[in-house]
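In: predicted model follows, preceded by the sequence.
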Amino acid sequence: MAAHSNATVRRRRLGAELRRLRLASGLKSSEVAERLMVSQAKISLVENGRRAISRRDVRDLCALYGVADQQVIDALLQMARESGQQGWWHAYGDLPRSVYVALETDAASLQTYASMAVPGLLQTPAYVHAVIGETIPLPTVEEAGTRLKVLLRCQHRIYDPHHPLRLWVVLDESVLRRVVASPDVMREQLEHLNALGTEPHVTVQVLPFTAGAHPGLPGPFSLLQSADSTAAKVVCLPRFTSDLYLDKPSDVQHYSGIYDHLQAQALDPDSSRDVITDAIKSHIAAANRPQAAAGSGP
């Protein structure tokens with residue numbers, strides 16, 4: 001894995017370790033901020049892995065926390081150096097979901113539950129274009145183009161011959177039936193979905209309407225596991241403004257349990273493919289219906 005793609009994981013691990021050292025020292029984040037003459041927000045962002053930190057600041061924090069083991073200090077300094085490297089997504093400017101893009105780039109496996117739309121990694125260009133145009137208020141041509149390029153770049157992970165992303169997807173049946181853009185766009189999208197489902201590293205399951213109430217009703221979420229086996233799994237809860245990320249063991253265990261239930265209630269991959277094929281036929285019929293009506297005479 002390229003060094004830049006490991007930066008986010010390093011930053012999160014570094015932040016978690018610095019938080020652990022601070023708590024062990026008995027200091028509050030406000031006290032640390034006051035002693036180092038920085039804002040408390042900076043300490044919080046560093047500990048949450050949302051901001052890179054300089055090696056000098058790492059040294060200052062180690063001194064403040066009473067860290068004497070030079071091996072520990074050197075390991076933290078190395079993580080600080082690597083966490084400052086920029087990923088490929090930075091070339092596209094200030095992206096709304098840059099944190100998620102970074103985590104997805106780092107991930108070795110991804111489990112996702114989708115209740116409203118096809119997940120981005122599995123979307124066709126036409127479907128992406130429609131989602132951007134219909135969900136972002138008055139997007140500019142440049143903004144729409146940038147988002148499309150970024151999403152298509154993210155999809156490279158599925159086709160990476162050396163490190164393909166292990167992807168599990170549970171789709172609510174409503175995702176298949178909701179017409180995004182047009183029946184023709186949906187037909188193409190669902191055919192693409194069925195094709196990807198045959199890949200050995202991609203598993204697609206459909207949660208049918210007949211499942212009734214289920215643990216996924218509150219909304220979509222994803223579980224991301226880094227290629228770094230020592231890094232904690234991260235839960236992502238998508239939001240309109242800023243996504244919510246959870247990595248506390250209790251939170252991860254909770255959402256992992258929910259995902260296990262969703263997979264158990266969903267159809268197996270072969271039966272799911274049959275349901276997707278049935279939805280494709282419905283969209284084809286819908287696409288042909290206006291033509292048949294127009295061609296009929298009195």
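Out: Looks like it came in fine. Keep in mind that what you see is a predicted model, and the values were worked out from it rather than measured. Numbering: from 1, shown residues only.
In: quick check: buried residues in stretch 98-116?
Out: Under the neighbour-count criterion of 16 or more other CB atoms under 10 Å, stretch 98-116 has 98-108, 110-115 buried. Where you see a C-beta, it was placed from the backbone N, CA and C, and this is true even at glycine.
In: do the same with stretch 176-190
Out: For stretch 176-190, using 16+ other CB under 10 Å, the buried residues are 176, 180, 181, 183, 185, 186, 187, 188, 189, 190.
In: which stretches in the protein count as strands?
Out: For the chain, applying DSSP state E gives strands covering 107-114, 166-172, 202-207, 221-226, 234-237, 244-246.
In: packing partners of the first one?
Out: In other words, strand 107-114. Contacts defined by 3 or more CB pairs under 8 Å, 6 or more residues apart in numbering; DSSP states H and E place strand 107-114 against strand 166-172, strand 221-226, helix 249-265.
In: tilt between it and strand 166-172?
Out: Strand 107-114 runs at 0 degrees relative to strand 166-172, counting by axes from the mean of the first three to the mean of the last three CA atoms, to 10 degrees.
In: with the third one instead?
Out: For strand 202-207 against strand 166-172, the angle between stretch directions is 20 degrees (the same axes, to 10 degrees).
In: longest helix of this structure?
Out: Counting by DSSP state H, the longest helix found in the chain is helix 269-295.
In: which strands and helices lie in contact with it?
Out: Applying 3+ CB pairs under 8 Å, 6+ apart, we find helix 269-295 packed against helix 173-177, helix 183-196, strand 202-207.
In: turn these into TSV, columns for mean pLDDT and distance to residue 219.
Out: Formatted as TSV, the helices and strands packed on helix 269-295 follow (pLDDT from 0 to 100; distance: least, CB to CB, whole Å):
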stretch	mean pLDDT	distance to residue 219
helix 173-177	97	13
helix 183-196	97	21
strand 202-207	98	13
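In: between these, which one is closest to residue 146.
Out: Set against residue 146 and scored by CB to CB, the helices and strands packed on helix 269-295 come closest in helix 183-196, at 21.1 Å.
In: and the closest one, C-alpha only, in CSV?
Out: C-alpha atoms of helix 183-196 as CSV (Å, rounded to 0.1, in the frame of the first residue of the first chain):
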residue,chain,number,x,y,z
PRO,A,183,-35.7,3.5,-16.0
ASP,A,184,-32.9,3.2,-18.5
VAL,A,185,-30.4,4.6,-16.0
MET,A,186,-31.7,2.1,-13.4
ARG,A,187,-31.5,-0.8,-15.8
GLU,A,188,-27.9,0.0,-16.6
GLN,A,189,-27.1,0.5,-12.9
LEU,A,190,-28.7,-2.8,-11.7
GLU,A,191,-27.0,-4.7,-14.5
HIS,A,192,-23.7,-3.3,-13.3
LEU,A,193,-24.6,-4.3,-9.8
ASN,A,194,-25.2,-7.9,-10.8
ALA,A,195,-22.0,-8.0,-12.7
LEU,A,196,-20.0,-6.7,-9.8
